[in-house]
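Asks: sequence-free structure coming up:
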């Protein structure tokens, strides 16, 4: 699907950057008093709303349950296909919103602007503590992961690290976070086995 969307962007833009100018730059311009752009404020609002839905709404609990054990959720009578489609649709909507903010920041629509951002997104999610095995995650922690990745990339840029070098370092960060997540899950499983043994 990612390649379909990227190919569509190339077709629509004729593989060229389309200059938009100041039509929507107000979204990316910091406000005088707060020092934050409207796009940033909307992003913070989305994070807070997403965390509330994930932790306090039935929709969020279904998502955590499906991520933990989809088969068990399906056998309990919940239509997992419906909820997964809804999640993918919501993900596409938020990706479109992020793209709109990115266009406002650049003041242009570049079909190549999003290349490599999927790696940064995965890194932010993993650093935020979301388990790749499913069943564990936090929107706020993912947002903190985004901030960490942004600071990392900014620092690397100031050090003069090339774009391929940034991707290598980001990839190493992902690998480290995944390895730590695997060991953390194994440790929890070991503790559960011990607790069951001593209960007997």
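Replies: Yes, it's here. What you see is a predicted model, and the numbers here were worked out from it, not measured in a lab.
Asks: From residue 29, how far off is the residue most central in space within the chain?
Replies: Central residue of the chain (Cα atoms, centre = their mean): residue 121, 4.6 Å from the mean position. In this view, residue 121 and residue 29 are 24 Å apart by Cβ to Cβ, to the nearest Å. C-beta here means a position set from N, CA and C on the backbone, and glycine is covered the same way.
Asks: hang on, the earlier thing: buried ones in the strand or helix carrying the residue nearest to the centre of the chain, by neighbour count?
Replies: Take DSSP states H and E as the rule and residue 121 turns out to sit in helix 117-127. The neighbour-count check on helix 117-127 (16 or more other Cβ atoms under 10 Å) flags 119, 120, 121, 122, 123, 124, 125, 126, 127 as buried.
Asks: Quick one: residues contacting the last one.
Replies: So the one you mean is residue 127. Taking Cβ atoms under 8 Å, 6 or more residues apart in numbering as the contact definition, residue 127 lies against 144, 145, 148, 149, 173, 177.
Asks: can you rerun that using 6 Å?
Replies: Under the criterion of Cβ atoms under 6 Å, 6 or more residues apart in numbering, the contact list for residue 127 reads 145, 148, 177.
Asks: now swap in residue 70 and tell me
Replies: Neighbouring residues of residue 70 by Cβ under 6 Å, 6+ apart: residue 80.
Asks: returning to what we had before: just the buried members of the contacts of residue 127?
Replies: Counted by 16+ other Cβ under 10 Å, the contacts of residue 127 give 145, 177 as buried.
Asks: okay, the contacts of residue 127 in JSON lines with distance to residue 69, pLDDT and secondary structure next?
Replies: Below are these laid out as JSON lines (distance: Cβ to Cβ, whole Å; pLDDT from 0 to 100; DSSP: H, G, I helix; E, B strand; the rest coil):
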{"residue": "145", "distance to residue 69": "25", "pLDDT": "87", "secondary structure": "helix"}
{"residue": "148", "distance to residue 69": "30", "pLDDT": "86", "secondary structure": "helix"}
{"residue": "177", "distance to residue 69": "23", "pLDDT": "77", "secondary structure": "helix"}
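Asks: Closest one of the contacts of residue 127 to residue 155?
Replies: residue 148 (10.6 Å; Cβ to Cβ).
Asks: and the gap between the closest one and residue 154?
Replies: With distances taken as Cβ to Cβ, residue 148 is found 11 Å from residue 154.
Asks: Please name the nearest non-neighbouring residue to residue 54.
Replies: residue 60 (3.6 Å; Cβ to Cβ, 6 or more residues apart in numbering).
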